[in-house]
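Asker: Below are the sequence and a predicted model for it; my questions follow.
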Amino acid sequence: MNERLEKYNGKMQKTLESLGEELGAIRAGRANPNLLNKIMVNYYGTPTPIQQVANISVPDARMIQIAPWEKSLIGEIEKAIQQSDLGINPTNDGSHIRLAFPELTEERRKDLVKDIKKRGENAKVALRNVRRDGNDAIKKLKGSEVSEDEIKDLEAELQKITDKFVKEVDKAIEVKSDEIMTV
């Protein structure tokens with residue numbers, strides 16, 4: 001790959017990673033510890049990721065169990081989960097917090113798939129914006145030490161990179177949609 005295009009490839013890679021994180025946080029009816037990634041717990045006055053103050057395990061397909069390292073944190077963890085957008089009420093037995101995931105309805109599954117496709121489209125727009133920025137930078141090379149043919153080659157290579165990432169976005173959307181629609 002041409003070193004002039006490395007920057008744009010990296011930006012596209014970050015867009016794809018960001019989409020992956022967003023999709024990982026979408027609840028598919030199964031218990032997935034990644035759903036807790038964005039939840040911050042007040043740990044002695046400092047917002048701290050829940051993974052840094054507790055053990056998180058998945059004892060079965062519909063349950064996440066959280067075991068805080070300090071018993072005093074149970075209330076804070078419970079409060080953080082309730083204030084999050086998870087939509088699940090935690091149950092607290094004094095030493096563990098359990099999150100039970102109900103079965104998703106067909107209507108809810110379809111809504112989630114629509115949301116996933118919308119996020120995929122947003123990622124594609126971001127990829128196209130990176131491509132546009134790259135093409136603008138390539139066009140500015142005109143008149144310098146770079147020939148017309150080299151400019152055309154750079155534009156074609158940038159388009160190939162963009163196409164590759166668009167395919168990866170489509171694949172990620174398809175995989176997540178299938179996961180959600182599977183009962």
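Answerer: In hand now; what should we look at?
Asker: For the residue nearest the centre of the chain, give me its contacts.
Answerer: Residue closest to the average C-alpha location in the chain (C-alpha atoms, centre = their mean): Glu21, at 1.6 Å. By C-beta atoms under 8 Å, 6 or more residues apart in numbering, the contact set of Glu21 is Asn37. To be clear about C-beta, it is placed using only N, CA and C from the backbone, and glycine gets the same treatment.
Asker: where does it land on pLDDT?
Answerer: For Glu21, the pLDDT comes out at 85.
Asker: what helix or strand is it on?
Answerer: Here Glu21, judged by DSSP states H and E, is contained in helix 6-24.
Asker: mind exporting that helix as CSV, just the C-alpha atoms?
Answerer: Extracted in CSV, the C-alpha atoms of helix 6-24 (Å, rounded to 0.1, in the frame of the first residue of the first chain):
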residue,chain,number,x,y,z
GLU,A,6,-1.8,4.7,5.0
LYS,A,7,-3.4,7.5,7.0
TYR,A,8,-6.8,7.0,5.2
ASN,A,9,-6.6,3.2,5.7
GLY,A,10,-6.0,3.8,9.4
LYS,A,11,-9.0,6.1,9.7
MET,A,12,-11.2,3.6,7.9
GLN,A,13,-9.9,0.9,10.2
LYS,A,14,-10.9,3.0,13.2
THR,A,15,-14.4,3.6,11.8
LEU,A,16,-14.8,-0.2,11.4
GLU,A,17,-13.5,-0.8,15.0
SER,A,18,-15.9,1.9,16.3
LEU,A,19,-18.8,0.2,14.5
GLY,A,20,-17.7,-3.1,16.1
GLU,A,21,-17.8,-1.6,19.6
GLU,A,22,-21.3,-0.1,18.9
LEU,A,23,-22.6,-3.4,17.7
GLY,A,24,-21.1,-5.3,20.6
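Asker: Quick check: what element follows that helix along the chain?
Answerer: Later in the chain than helix 6-24, the nearest helix or strand by DSSP H and E is strand 40-43.
Asker: Okay, buried residues for that following strand please.
Answerer: Neighbour counts over strand 40-43 (16 or more other C-beta atoms under 10 Å) mark Val41, Tyr43 as buried.
Asker: Name the surrounding residues that touch the helix or strand following it.
Answerer: The helix or strand immediately downstream of strand 40-43 is strand 46-49, counting by DSSP H and E. With contacts defined as C-beta under 8 Å, 6+ apart, strand 46-49 is touched by Asn37, Ile39, Met40, Val41, Asn42.
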